[in-house]
Structures are given as C-alpha cells and as structure tokens.
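> Dropping a prediction and its sequence here:
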Amino acid sequence: MAIVKVRDNFQQARWNEPLIYELSTSGLRGIIPPPVEEEINREAGDVFAELPDAVKRKSELGLPEIAQKQVLQHFLHLSQETSGANLNNDMVEGTCTMKYNPRLCEKLALEPDFADIHPDQDPDTVQGMLKIYYEFEKVVKAVSGMDKFSLQPGGGNHAVYTAASIARAYFEEKGEAEQRNEIITTIFSHPCDAAAPATAGYKVITVYPDEHGMPDLEAIKAAANEHTACIFMTNPEDIGIYNIHADEIVEALHDVGALCFYDQANANAFLGIARAREAGFDMCHFNVHKTFGTPHGGEGPACGALGVRDYLAKYLPVPTVEFDGDKYYFDYDKPDSIGKVREYIGQSAVVLKAYAWCKMMGPDYLKECAEISVINNNYMLNIMEKLNGVTHAFRDNGIVRQEQIRYSFEPLTEECGVGSDDMNRRMGDYGIPWFWASHYPWVIPEPMTIEPCESYTKEEIEEFCKVVEICMEEARKDPDKFKEAPFNTAMHKRLDNGDLDDPEKWALSWKSYCRKHNK
Amino acid sequence: MGEKKYVHPYIPNSEPNVKRSMLDAIGMESAEGIYKEIPDRLRYHERMDIAEPIIDEYGCERHVRKIISENMNARDNICFLGGGTWNHYVPAVVETVMERDEFLSAYVGDAYTDHGKFQALWESSSMLSDLTMLEATCTPCYDWANAISVACRMAARTTQKTEILVSGSIAPDRLKIVQNYCKPELKVTLIGYDKETSLLNIEDLKAKLNDNVATVYFENPTYLGGLEVNAKEIVDLAHEAGATAMVGVDPTSLGILEAPGAYGADYAVGELQPLGLHMSYGGGLGGFISTKDEEKFIAEFPSLLFGVCETSQKGEYGFGEVAYERTSYAQREKGKDFIGTTAALHGVAAAVYMALMGPQGFRELGEGILKKVAYTKSELAKISGIKIPISGYSYCDFVVDFNGTGKTVKEINKKLLDYKIIGGKDISGEFPEYGQSAMYSVTEVHTAEDLQTLFKALSEICAK
Amino acid sequence: MKTIGLIINPVAGIGGKVGLKGSDGSETLKKALELGAVRESGKKALVALKKIKEVKEDVTIYTCPGEMGEDICRQAGLNFHVVGEINSGATDAADTKKAARELVKYEPDLILFAGGDGTARDVLDAIGTEVPVLGIPTGCKIHSGVYALNPRSAGSLICDFARDKIKSTREAEVMDIDEEMFRQGEVRARLYGYLRVPNEKKRVQNLKSGRGHSEEGALDLVANYIVETMEPDCLYIIGTGSTTAYIMKKLGLPNTLLGADLVYNNTVIASDCTERQILDAIKDYEKVKIIVTVIGGQGYIFGRGNQQISAEVIKKVGKENIIIVATEDKMMSMFGRPLYVDTGDEAVNAYLRGYMRVVMGYEKFIVAKVSD
C-alpha cells in the first residue's frame, strides 16, 4: 500500500517574478518572423510606406522586448506558480470534476493531421474530423438517451444559454414567446442556470430546497404556470444530493406546457447509472471538459455538448454533422435553427481529446468511473464526519451523498473565528490547491465543496482529510496567526485596500498600472 | 456485462482490494448502497451502447491517428484559408508553455495557489491592450463572434440604448451569432458597404444612426479584406449620435495598422487564434474585448478581469479579480450576462506569442504579409479569367474573382487538391454579389515557392 | 481608534430559568429573585468582552458604573472610562435609557449593550438610529435582529469593527412581544422600530474582491421593481417595516414605519390605519393588493408587527394579491426555514400555507414556503 503523505514541509514555487514589462530591454526580441523573399520584395515594393496614412499605425507599440530564453523562463516560472489537476491533489475543486487529463490526448491534439487543419476546409478533406464528431455524438447520446446533440457551445454555460435560445425559438413558433417569459431554477443549481436564461431574456424564479436539502417539488409546482418557459436544474445539485423528484418535476412542468432542461455538469457519477431520458427531460448538457476527461485549461478551452429530444432537434445550431453511409457531411438545411452560437462547429480540440478518452474507457469503464467516484466521496465523508470543526450541508437528513459534498466550517468558525477562506489559504501551505467553496450566495455557511472523482487514490483522499484536521487544530491554537496564511504558496495574503474594486486603483493592464500607481 | 479485465490506469481505487477496503469502511457491499438513493424509475439498467474500448494506450493512439489521417493538413499541403482562423506559425516556445500541465490542467483556483495563471492572463490582457491602445482587456471569451456579441450587450447597458449597427461586410457566421445573442432586447441593423472596396458605406451609416444606437460595429480589416480608411470618421459619427464605436481587428495586424484606441474607438474585439494557436479545426479560437479604463465600460463586463494588488509581503505582485461582484458567479441572474469556462489557456498562449514577437516582430510580420498579399494579388490578376474585385491593400485575406474563368470556385478548389493546395473559401453563397469568388488568405508561412505553386496551378486549371 | 459605549442590563434573562418568560417590570424581577434566579447577564457579556480584549489597543470604552458595565470590564481586563450613575442593585429600564443617552455624549462609534428585546427597546427609545449599536444576547427573549448570534460572535464582530473591517451598517428590527400576554400563553410580537447595526453579511461575504452590495442598494432594487409594476386604479395596503418604507420613499410618499398605509394612484389616502379603517376602505375599491415584508428573525409575514392587516383583510384581498418583498440578505438569514403566518384565524392561516413568491430584487424572485 502506498503511504499517506502529508506535505508538512511544502513550498510552492514563489519566484517573485517581475511583470513581463520589467524584463524588457529595447532592441531585444524573442523570435524572428520568416523574412520576405527578395523576388517578392522587388515586385511588391514597400507596401507599408504606400498605405494610406489613415490606416497606418503611428504610435509606438508598447510591447516588451525580451530574448527567447527569458520569455520561456518567465512563463515556466509562472507555470510553476500554478496548480493543475495533473500535478496536484485537485479533488478540492468540487462541481468541477477535476480528473486526470491523459497525456495521450494532448499528444494526439498536436498531430498535424489535427492541429493544422482549417475549419473551413471542404468536408471531403476533413472526413476524419467529422467522423470524430459523429462518433463522439454517439457517446453522449448513449450516456444521456437524448436523440440529437450539438457540440458547438464553447462551454457548459454556453450550452445552457443555447438551450434557453432553443426554448425561446420553440415558444416563438407556438406563438407563446411573450406569454412565457419566466424560467424556474433552484438555488443549488449552477449560477448559469439562472444567468444564461436571463441573458436570453427570461425572468428567473428561484426555488429553495426543502428542509432535507432536496429540491422542493411542491415549491416548483407552485412556481410553474402559464408564464413558465422552462426549468433549468442541475442534478445532482452542487451539494451532492440526488434529486429523487426529477421525473415528477418534469411532469409538473410539462403539465403547464413548459420545457425541461437538465444541467448535467455533475454527470460524472451517473455514467451508465441514470440518464436524462428516463427522467423525461427535453434537453440536457454535459461539460465535455469535466465528465469526459479533457483538461480545463485554467478556465477553457471547453465544450458544452447540448442534447435534445427529436422534437427539438430542428432548433439546434447549424450545422450538424451527419453521415450518409458513405461520407460525413454538414447539414445546414435547418430553417428553424436558432442560427449559431459559436464559430465553425465548436471546440474541436476538446471533442478530439474527449473522443480519445472515451475510446480508452468504453461502456464498462465509464460506469466504473461513476461507481468509484461515489465510493471515493463516501469514503472521504466517513473520515470527515469524525473530525471536529467541520460538518456538511443537511448533515442529518439521512440521505446518502453521491459524487460530491458541500462541507461547512461553521463549527470551527463558531469556535475560534476561523472560516472557509482562512482554511483555504492555509491548506495551500500543505500543497492542496485552492478549494471550491461554493457558488454564491453562501447559503451554507463557511463552505467547502469537494469532489474526489475516480482519478484519486485512497491515500490522496486520506491526505486531504488529514490536512483539514491539522489545519483546524492550528486554527484553534492560534487563530490570529492562522488568518495570516498562506506562508508557503506562490502568493501571500492579499491586502484589502481597494486595489481590485476601486476604479481609481484597479489596473487591468501595465499602462493603467503605471498611470495609477506612479510607476 | 463486459469483462473488466484490467485495473484501469485512470481509476486507481478500482483495484479490488482497495475498493473492498473502502466499501468496508463505509459499511457497504457495493456502489449500489449509494445509488439506492436514486429511485428505480430513474435508473438506467442497460449497458450503454458505446463502442468497446481500446484500453492499451498504443492501440488507442493508433486508432485515433488512423481516423485523423483522413484529414488533409496544412503542413503537407498548402492552405489558403483564413477569414476567422489563420494559418500562422506557432512558435515552439508557445507550444511548450501551452503543454505545461500546470496551465493545461488548472481551473478556478484563486491566485494563492494559481498565482502564475493570474499573472500570465493579466500580462496577456495587458499586451492586447498595448496592441489595441485600450487599457482594459478581459480574460478570453469563446471566440471573436462571442466577443462582438458580449461587447454589444455591454454597450447597450452602458448607453441604455437598444439598437446595434453592424457593418454589412461582417462574416455571415459571426453575424448569426451576434443576432442570436442580442435577442430579445436588442435590434441588429446592417449598414451597407461598398462593393468595390468592401468598406462601410458612410452615407448609409449616417442615414441609420439615430439616438437609440448603442454601438456601431465595423471590422478593420474587413472580412472581405479591405483596410478601413474611414475608421476615424465612422467613430466620430457614432460618437456624435451618442453611440459608442466598436472595431473588430486582427490583432496580428496592429504592428502596422492603426490601433482602435488611437482613432477613438470605445471597444476593440477580435480573435486570439492568430496569436500563436494552431488552427485545430476551430479548436484554436478565443475572443478578446478591449475597452477604455473607465468605470462605465468596465462595470459592464461579464468576464473575469484580473488586476494587480498588494499583498502582506511588501513589494510582491499579488493578483485578484477586479470588480468580481459584476459577474454571474457572484450574482446569478443579476450578474452581467453570464460567465463560465471559456478559453483561458489560449490567453496564456497569446501572452507568450506577444512577448516573443515584441514590437519589432509584429512590425516585420505585418509588413511581410502586406507585401506577400500585394504580390499574390498582382500575380493572380495576371491569370486569364481571374480578377481582384476589391481595390486597395489587404492584410492576409482578400477576395479572388473567378467569374471570368467560367468555372465555379467549387470546381477550381476540387482541382487544386490535386496540386496539394487547399484553395480559398468559396464565398459565392455568403456574398452572391461577387459571383464565383473565393476568399484567399496569405500569411508569413507562405513562401514564394508556395505562392508560385498556386499561380501555376490556377493558370493550368483556369486555362482548361 | 474606535470609541465604544457599553451598557449591561444586569437583570436581563433573569426570568428565564425560573419560567417567567422575561424580566420586564419590577414586579416580575422581584418575583424572579424570590424564586432564586441569578443574574447571568453579566457572565454572558463577559464572554464577549474577553474576546474584545484582543483589540483593546484599538478601542476606547465608555461604560456605566458597577454591574452595568464597570465590573465586567474590570473582570475582562479592559481599560475603560466610567460615566453617569446608576441605581445599583435595583436597575431598571430607566437606567438603560439614561445610560444610553449619557454615552451618546461621548460620540461613540458604536454602543454595545447586553440584554434582551426589552433592552433593545430601551436603547431604541433613548437614541434611535443616531449611533450604530450591537446587542450581546443575554436576555430570555431575542426576537430583535440587533443581536449577534451569541456573546462570542458579538465579541468577534466588535473586533472586526475595531480593526475597521466592517464598513457599513444596516437597519435591524427591534421586536418584542407583549410580556403580559406572553405570560398568559399568547404570543403577540410587535415591531417597535429599527436600530442600526454593523453589516456583517456573514453568508454572502468573502467575495474574492471584497466589497459587497450595500443594504441600501438591495432595497433600492426591490423598491424600483415594485414601483415600476404598481398598477393604476388599485388600492395598495402598505405593511409595516423598513423594506416597505423604502418603497414609499421611492414613491415620494410619507410613510408610517410601524403602521399600515393605504396608497391609491400614487397618493396616500390613509396613514397608520387600524384594521377597521382598512376593512372600511377596501370595500370601495375593485382592485386591492397588499405589500408586506418579512418581519423579525423568525420570518413572519403576517401576525407580527402588522396585525392591522388582519385575517379578515387577507380574506377579502385574496392570496393572489399579496406581494411579499424582502432583501436577499433577509431571506438568506432564514435559509432552510419557512416564512410564517399567524393571523389568529386558523382558516386564514391554512389558506396562506403553501408557497408564495418573494420579490428579492429587480425582477428577482424566489418561491418560499409559507407555514403557520
């Protein structure tokens, strides 16, 4: 058995790295672009000099001037000051499904047969890529039971937005667009389930859970009426409780003529276990970069796979990828389509990597991902429950948690004033990346949301729990010192001096930093 | 059920003894003890209809390689497509940084443990601001079209107006995205353009400007390859009408073309892909929005914005999120539009690219492309039946008119494949007024030899 | 450096353990002492003061003599100045009021007081919203929103306040039940008014870049939405409380903070109405709506502080014409608990039970459970 290593002598790289502009020396350069051949020079002449004055850049370009090694060195330093799932115990970013991102997929994405193809190429010249799209669509269809997918949305939120656009188109066609101007969501659904439909023009009715933390079926029924266009709900919600009313909610919404969208951002633990179709949903989406093993890129690139039932397929963005038995082709012939939500046919690199990942898994190992995820989570809970100072949302409701849990440091806060943010900073000193506390509002006080998905070992789970325990003990001993953490991560504690909120002080760029801070 | 013959390399706790010990600890027989919370009517009892795995890494690699080998790539062939994704050189250093697992597999941590990500993205925004001369640039959005869409809604909120004027020569696919995103509150109106130059029709702009216009959006260079000589006049007209002005730019052109901030634009938007990202069949995209460092503009960003701040360690550069309360993360439906995972890594790549290039690199790149495009246009115009329908200089993209050849672009492009050439984009559907025309794109990767191969091929094809 | 005034109501809570449900009135106090009650208020307050010791360099404390502050400060090891005088051994409400008025003269940044709802009322009577306050809960009845969760958290809050970490204040209700009725087994809570308390915002704090929205901003959004959606030719019964008061302010109309006003076509047609006046008025109007807010820490929408809007009124107006307004902070503070109604009429309570919408901002709605 592997050992459980608490990294009590950890030190993250802290390079005290200058801002890139401070590395600049006039005249240096990092790369030389290909020179223009003499014959072209001769023929074309000095085109820049001939440009009309109105279009010519007249001011100096303020970019830094740095030699190549120093550019590489700078960004390598910055990379070392960053925690990624592939090198950290990153089960801590709950709701994000931080799994291992196989190197194989990266290798494939750098192949010229993928990296160097243009999205406007004739479909005949990119049959391989269209096949990848077509085959990956089959996977998400099987996982959800939906009839048709679009892989065009650029992320989970974007897929939710696309679903809201489809709802709008659906009711426009029925002549009910004006009447149906509300959507329903729950407070533990991802914020985008409220924000994206609001962007598409909907009023948002939010429902709070019942006393067990379960989405309140009766409240949803009370909220639904002839003005409701759609419900946008996550299941399981971000606190890890499976919504047993999913199908009854769908029925209630359908009864008032509304559509139902299933946010499947937290689908990892339900691959082969439960699907949107059985629950009766009209639409659902997956965060391909979460559930299907592709890297998160520090917040993208990403892909939101949006699935719909057959009666909504005609509204999907154009084009869809089809196969006529011989060749793959684009179908643009969709007069009822909402149009497009992203350029070309989506984030192809994510789709390629996800396809490769699924090929490594197949149906049975996909299901095993799910099963191990929920076992991991409950194994962790079993340890955490014995710790003094931390509890979890709706602790005593008797419901077994699924893939993640929203813990709460409220007892610790009551005891010594140390809260979630303080714990978060200090745990970084033990090599644990910044945990995901909770979406706002923090209805669960002093929150911490942990999702130990299938990639993590038993020992890593134990390591994490041990770090929580040690940190809580430290907090009790010397809360004031504790609140000054972190001490061993890449950055010290931020001062609360308005640098980030005061328009007179905030600096989004070097220029504005120099101007506002007298550099 | 299929056989699970191996302990999967990606699922360590599936090792039977480990799994058993964990189940014992939680007092359960199997995962079903957890899934019992899901009512049976919601359960899926079948085996998912997904192809069997290739669990050995070599086998899987071969399998995927074989599929993508069906693609024609721009390395073994000469590709003249542009118009939103461009074939530029990707420096080795960019590739190295992009592939660092730290950046690649990070996510939403705060700057305490992701300090480097914050700094890299701040530097990226900062360098984009140098290019655009607008001091506030957000973290990446999905793509250029998304950047326009988001910025239009920002402009509408800042000005409290609801009409968007958009240049008629905008890429039709970008327009579709903007139209969908502006629904239902905003009205999108197209302004005419001059067919001879592809530039905005000033008279039509004047006619359509009114006191309800939030912003005027135009592109420079235009999608069809013109350089907007009237940019300042357009911006001034918009301002006179109480509207803002927004310019879509190719950031690589800004070493030689005037910066939007210099002619008074309020927003510059564009695509990150040409800044060091592979084309990757559309997988290289990322959008940016630059605006003025004024609260009324910045307060309307939905995106994450990173800023420099002080920490308890004197002299240390700390980073954090600027005006986070704006976002839908903080305020759900009451945030500005919505924000989520977009294309942050591409912002990092762009940072490395811009730092490598520096002012000299961008200048040389731009001047070189101007020359190569001018050369290509004049050589193509010599081929019988081919015309260059749009006057003036171009940067990367330009239109080639094949009407005189009696052949369709589709036919020509098909024949070009025999010469291992991927021809320009057929715009006969998007812009029927140009008839059988294609949009070609020439960049620094095209050598004189590549270009001459094209000339020779087209001469032969068009002569037949 | 912050200046803090401190008042301890030494007899607060004395009735609790001997089953007297409060200690208001000297007869009760006498009875409590006869029953063997002990003065625990000071002991509880000491917990808070010991915590405050952490910031003793940053605060100047003014307090009252003897058991009303001096003794406890000494025990806690704090530096302090004693002001005024008290009727030691027999302090009552008058002493609290006198002390509050005396302390205000020293221009404190905040007055910290230990007691229960009765004490909060005394402080309200004496100083209103002039100076921010914070209550250390030591009494039997804590319905008012001016108290910290427990003495320890009151201490922590003062530490944060002293370190300048709390920058805004909000209005919180002073509620009390009629103790005479309460001892007879009937709960009749009243809203007495509002005091200003430090805005701690526990549940929505810690946004990465700090600063939250002000309470005022939140009220503004609610009020804007209501004002924009008010219908012409409709009689509005405006309930008690500061949220509804803000709506009236938006409308530019005079308002009765602790009473019900009637508004028709943007004009106040009656102020501070009794139940009878409301019932008489609604006979004459075709369309009538009620706007109420959530009162008190327990979340009553009817039956606490707005008894004028009675069961009879509700029956006549109809559930569908009730508009509930509340800020997000208010709703968050009650997360996991329903809203309550106690109209005194079982049938009407049952009628209101179920789910109702709450306007929580501009076009921001939640559906909340209503219970009785």
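That came through, no problem.
> okay, now the closest residue to chain C within chain B: neighbour count?
Relative to chain C, the nearest point of chain B is residue B:324 (4.1 Å; Cβ to the nearest Cβ). No exception for glycine: its C-beta is placed from N, CA and C like everyone else's. When neighbours are defined as other Cβ atoms under 10 Å in any protein chain shown, residue B:324 has 21 of them.
> so it makes contact with residue B:331?
No - with contact defined as Cβ atoms under 8 Å, residue B:324 does not reach residue B:331; the gap is 9.7 Å.
> element containing residue A:465, please.
helix A:458-477 (DSSP states H and E).
> So which bits of the helix or strand following that helix are buried?
Under the assignment DSSP H and E, the closest C-terminal helix or strand after helix A:458-477 is helix A:479-482. Buried positions in helix A:479-482, judged by neighbour count with 16 or more other Cβ atoms under 10 Å in any protein chain shown: A:479, A:482.
> which residues touch residue 406?
Defaulting to chain A. By Cβ atoms under 8 Å, 6 or more residues apart in numbering or on different chains, the residues touching residue A:406 are A:94, A:238, A:239, A:240, A:392, A:393, A:438, A:444, A:447, A:448, A:449.
> my question was about chain B
Counting by Cβ under 8 Å, 6+ apart, residue B:406 makes contact with residue B:385.
> how about 10 Å then?
Listed by Cβ atoms under 10 Å, 6 or more residues apart in numbering or on different chains, the contact partners of residue B:406 are B:385, B:436, B:462.
> Same check on residue A:177?
A:167, A:168, A:169, A:170, A:171, A:201, A:229, B:184.
> Looking at those, which are in helices?
Of these, the ones assigned to helices by DSSP state H are A:167, A:168, A:169, A:170, A:171.
> and these near chain B, which?
A:168, A:169 (Cβ under 10 Å from any Cβ of the partner chain).
> Confidence-wise, which helix or strand of chain C is lowest on average?
In chain C, no helix or strand scores lower on mean pLDDT, DSSP states H and E than helix C:179-183, which sits at a mean of 63.
> returning to what we had before: looking at the contacts of residue A:406, which is nearest residue B:89?
Residue B:89 has its nearest neighbour among the contacts of residue A:406 in residue A:94, at 40.6 Å by Cβ to Cβ.
> List the contacts of the closest one.
Taking Cβ under 10 Å, 6+ apart, we find residue A:94 in contact with A:238-240, A:266, A:377, A:403-407, A:435-438, A:447-453.
> Quick one: classify it as helix, strand or coil.
coil (DSSP: H, G, I helix; E, B strand; the rest coil).
> From chain C, how far out is it?
Residue A:94 is 17 Å from chain C, where distance means Cβ to the nearest Cβ, to the nearest Å.
> helix, strand or coil for the residue lying closest to that residue once chain neighbours are set aside?
Leaving aside its chain neighbours, residue A:94 sits nearest to residue A:449 (3.0 Å; criterion: Cβ to Cβ, 6 or more residues apart in numbering or on different chains). Assigned by three-state DSSP, the conformation of residue A:449 is strand.
> Just to check, residue A:449 is in contact with residue A:96?
Yes - shown here, residue A:449 and residue A:96 form a contact pair, counting by Cβ atoms under 10 Å, at 9.0 Å.
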